[in-house]
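> Pasting a predicted model and its sequence here:
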Amino acid sequence: CKDGSETPQEIIYNLQKLANQLQVIRDFLGKPIKINSGYRTPSYNATLKGSVVGSQHTLGKAADIVVDGYTPKELTNVVEDLILRCDILEGGLGTYSTFLHYDIGYNGKKRRW
């Protein structure tokens, strides 16, 4: 977490699962992925404007990402295609002006915003 806290052991499995999905995206694009925000402690999450209680970030199941050469909308389209091809897990996609939020939460339920 950006607040300097150590990641709790019970979160590690979720982070590994998320990292595996991000690696598929990275391999497909052939470019590095910058993670703006990954795991957040609930207390740190509460300090962020627009954050929600129960955020998938607090469970280690979400990352806010950018890739050089791709707008957030273009990156969303790539991730949507990878989901449709069953190459990565279904979950939440939030397209923002400067990044894409991708999460593997809610047991694979499709969520978009």
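On my side now, so go ahead.
> can we go C-alpha only for contacts and neighbour counts from here?
Fine.
> Can you tell me the closest non-neighbouring residue to the residue nearest the centre of the chain?
When CA atoms, centre = their mean is applied to the chain, the residue found nearest the centroid is Ala63 (2.4 Å). The shortest distance from Ala63 to any non-neighbouring residue, by CA to CA, 6 or more residues apart in numbering, is to Gly38 (4.5 Å).
> Can you give me every residue that contacts that neighbour?
Neighbouring residues of Gly38 by CA atoms under 8 Å, 6 or more residues apart in numbering: Cys1, His57, Gly60, Ala62, Ala63, Asp64.
> With Leu89 as the reference, measure out to the third one.
Here Gly60 is placed at a distance of 15 Å from Leu89 (CA to CA, to the nearest Å).
> Equivalent analysis for the last one, please.
As defined by CA to CA, Asp64 lies at a distance of 16 Å from Leu89.
> Tell me who's in contact with the closest residue to Thr98 other than its chain neighbours.
In space, Thr98 comes closest to Pro72 once its chain neighbours are excluded; the distance is 6.3 Å by CA to CA, 6+ apart. Contact analysis of Pro72 by CA under 8 Å, 6+ apart lists Val66, Thr95, Tyr96, Ser97, Thr98, Phe99, Leu100.
> Ramachandran coordinates for the third one?
In terms of degrees, to the nearest 10, the main-chain angles of Tyr96 are phi -110, psi 170.
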